[in-house]
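Visitor: build me a structure from this.
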Amino acid sequence: MLEVSGLTTKYGAISALRDATLTVGSGEVIGLIGPNGAGKTTLLNSIAGLLSPAAGSVSFNGADVTGSSPEKLLRSGLALVPEHRRIFTDMTVEENLKIGGITRSAADRTSDLDEMAELFPVLRDKWTTAAGFLSGGEAQQLAIARALMSRPKLLMMDEPSLGLAPILVDVVFSLIATLKEQGCTLLIVEQNATRMLEASDRAYVLRSGEVVATGTGAELRGRDDLFD
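Guide: Numbers count the residues shown, from 1 in each chain. Take a look at the predicted model:
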């Protein structure tokens, strides 16, 4: 579904991502793990069209989408839940969700809202609440639900458990498991390497802007040299 080949992205003269290559197959949950500053967010943003790569290519569903705009990528089925959520705090939960489904018909959005209410019961009770009044865990669930409203073929998440209490981290990873059971394809940047390796089919380890290892969770958990 997704093929990234030799991707390099720079901030000025500094290469934040160097020659990164990865694949994501349909229905897979793929983790991106590594220390802060490793290039994980840069990689997601380069795939999602928020940054322009200096070299390399991104192929999605067989089409070259390197450097495409975020809007075009969203319409093609690639959605991103960004770091720090970036929900519209002065709008209600329902309004945020409707914006997420802007690429779909009004009838489809109505059906999707009903489905989001079932998948995220904590949001169903706050439908008319301004998003700025949500807790951190509720806001994270809203950010994920908003992205799902576009019915993406591939959903990317950037640090979905960041800043959450342990019990809410459990909620996020339970949701990831549910989405996996439903056949969703996920590419997830996550600081909590242990939980991500448990949840993913495969993972890539980044360090200093480079992919330094890849494998299943069991394979990578046995590599003590990767996490020192």
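Visitor: the longest helix anywhere in the chain - contacts with which helices or strands?
Guide: Assignment by DSSP state H gives helix 166-181 as the longest helix of the chain. Applying 3 or more CB pairs under 8 Å, 6 or more residues apart in numbering; DSSP states H and E, we find helix 166-181 packed against helix 136-148, strand 186-189, helix 193-199. In this view, the C-beta of every residue, glycine as well, is placed from N, C-alpha and C.
Visitor: got the contact list for the shortest one?
Guide: By CB atoms under 8 Å, 6 or more residues apart in numbering, the residues outside strand 186-189 that reach it are 2, 24, 28-33, 40-41, 43-44, 47, 83, 154-160, 176, 179-180, 196, 199-200.
Visitor: check the offset of stretch 182-193 from the chain's centre.
Guide: Stretch 182-193 has its C-alpha centroid displaced from the chain centroid by 7 Å (CA atoms, centre = their mean, to the nearest Å).
Visitor: using CSV, write out every CA atom in it.
Guide: The C-alpha coordinates for stretch 182-193 follow below in CSV (Å, rounded to 0.1, in the frame of the first residue of the first chain):
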residue,chain,number,x,y,z
GLN,A,182,-11.4,-4.0,11.8
GLY,A,183,-8.7,-4.3,9.1
CYS,A,184,-7.4,-0.7,9.3
THR,A,185,-3.9,0.0,8.0
LEU,A,186,-1.9,2.0,10.5
LEU,A,187,1.5,3.7,10.6
ILE,A,188,2.2,4.9,14.1
VAL,A,189,5.1,7.0,15.6
GLU,A,190,5.2,6.1,19.3
GLN,A,191,7.7,7.0,22.1
ASN,A,192,6.5,4.1,24.2
ALA,A,193,8.5,1.5,22.3
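Visitor: mind listing what's buried in it?
Guide: Neighbour-count burial for stretch 182-193 flags Cys184, Thr185, Leu186, Leu187, Ile188, Val189, Glu190, Gln191, Asn192, Ala193 (criterion: 16 or more other CB atoms under 10 Å).
Visitor: partners of the fourth one in the sheet?
Guide: With DSSP bridges applied, the residues forming beta bridges to Leu187 are Ile30, Met156.
Visitor: distance between the ends of stretch 77-87?
Guide: Taking CA to CA, to the nearest Å, stretch 77-87 runs 20 Å from one end to the other.
Visitor: other residues contacting it?
Guide: Against stretch 77-87 from outside (CB under 8 Å, 6+ apart): 2, 41, 44-45, 47-48, 50, 60-61, 65, 70, 96, 131, 134, 139-140, 142-144, 146-148, 150-160, 162, 189.
Visitor: quick one: average confidence on that stretch?
Guide: Per-residue pLDDT over stretch 77-87 has a mean of 86.
Visitor: run through the protein and note the low-pLDDT ranges.
Guide: 226-228 (pLDDT under 70).
Visitor: and the residue nearest the centre of the chain, what does it touch?
Guide: Closest residue to the average C-alpha location of the chain: Met157 at 1.5 Å, with CA atoms, centre = their mean. By CB under 8 Å, 6+ apart, Met157 lies in contact with Leu80, Val81, Ile144, Ala147, Leu186, Leu187, Ile188, Val189, Glu190.
Visitor: distance of it from Leu50?
Guide: As for Met157, its distance to Leu50 is 14 Å (criterion: CB to CB, to the nearest Å).
Visitor: no further questions, thank you.
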